[in-house]
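> got a predicted structure plus its sequence, pasted below:
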Amino acid sequence: MQALVARELVEGFGLPERKAAVLLGIVPSSVSQYLSGKRLGPTLSTYLGDEDARRIARGAAEKLMAAGGAGHRTVLEAAVALGERIDRPRSPSRPATRDGLSPEHRRRLPGWLRNRIAGEQSAVAECMRLAQHSRDELTRALFRQIASDSLRHAEIVASLGGYLDRGVVSSAPTGITRADVDHLIQREHEAEATTEIDLGSDLGGVMRILWDSMEADERKHELLLEKLLDALPPRGGEPRGRPSRG
């Protein structure tokens, strides 16, 4: 719904992407990615063909422009309204494993998903508010980074929900090969090698926090790629796992 409303604000009402981002309480790059299809492309294309979804998104966009903001609450209300009218569209078929969720988890799942998305959206709005109150570029960057992370978390939860609604609890990666991941790992290592010194110990305050956040992201990328390799079928005779950094 956030992506749909972003498109309505920019393409339907002609607002600049930066203004649409302010109304939604998100970073401008997220609006650009929604418009280009880099985020939620397949799912968004399905909703764009649904008149109920477009109508609800237009109404939410109009409310945002009239109120001058409060994006997270308006978008959440629109998403709930959409959920009450149409079924969640099915994602493109992927190799998956169907394991029945426990009755207790299935009963609690819809409420948990809504609450988690609402919490992440609330965090986005609060971080953007704090970023606007910050008086220096680095502190603004810190809050915008947290806002971007929270927005991504909300999108992940929404995507997981589409599978969990159908009882799918395991999905295999598709469209990529081990060679693709190996190449990306090599690029990550090359980028890390360009940093000749570790500035972290020499920095303080917000500067140290931002540096540490980059290092934490690199460790996270390494872990994600390692797990992705484990999820892909091995090449002939090749053991599972990541390549040696040797």
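The structure has been received and is ready for your questions. Numbers count the residues shown, from 1 in each chain.
> from here on, contacts and neighbour counts on C-alpha atoms
Noted.
> so how far is the helix ranked longest in the chain from its chain's centroid?
Counting residues, the longest helix found in the chain (DSSP state H) is helix 103-133. Using CA atoms, centre = their mean, to the nearest Å, the mean C-alpha position of helix 103-133 is found 13 Å from that of the whole chain.
> next one: the helix or strand following it to chain centre, how far?
Once helix 103-133 ends, the next helix or strand along the chain (criterion: DSSP states H and E) is helix 137-164. Counting by CA atoms, centre = their mean, helix 137-164 is centred 5 Å from the centre of its parent chain.
> next secondary structure after helix 137-164?
strand 168-171.
> residues of that next one that come out buried?
V168 (16 or more other CA atoms under 10 Å).
> what is it packed up against?
Under the contact definition 3 or more CA pairs under 8 Å, 6 or more residues apart in numbering; DSSP states H and E, strand 168-171 sits against strand 96-98.
> now L199: closest residue in space that isn't a chain neighbour?
W211 (7.8 Å; CA to CA, 6 or more residues apart in numbering).
> number of nearby residues for the one you found?
16 (other CA atoms under 10 Å).
> same deal with A154?
Counted with other CA under 10 Å, residues neighbouring A154 total 20.
> so it sits against R114, correct?
No - contact criterion CA atoms under 8 Å: A154 and R114 do not qualify, at 9.6 Å.
> for this protein, which spans come out with low pLDDT?
Applying pLDDT under 70 to the chain flags residues 40-43, 69-72, 83-101, 193-198, 200, 235-246.
> show me what the helix or strand hosting I56 is packed against.
Assigned by DSSP H and E, I56 falls within helix 51-67. Judged by 3+ CA pairs under 8 Å, 6+ apart, the packing partners of helix 51-67 are helix 2-7, helix 17-24, helix 41-48, helix 71-85.
> sounds good, over and out.
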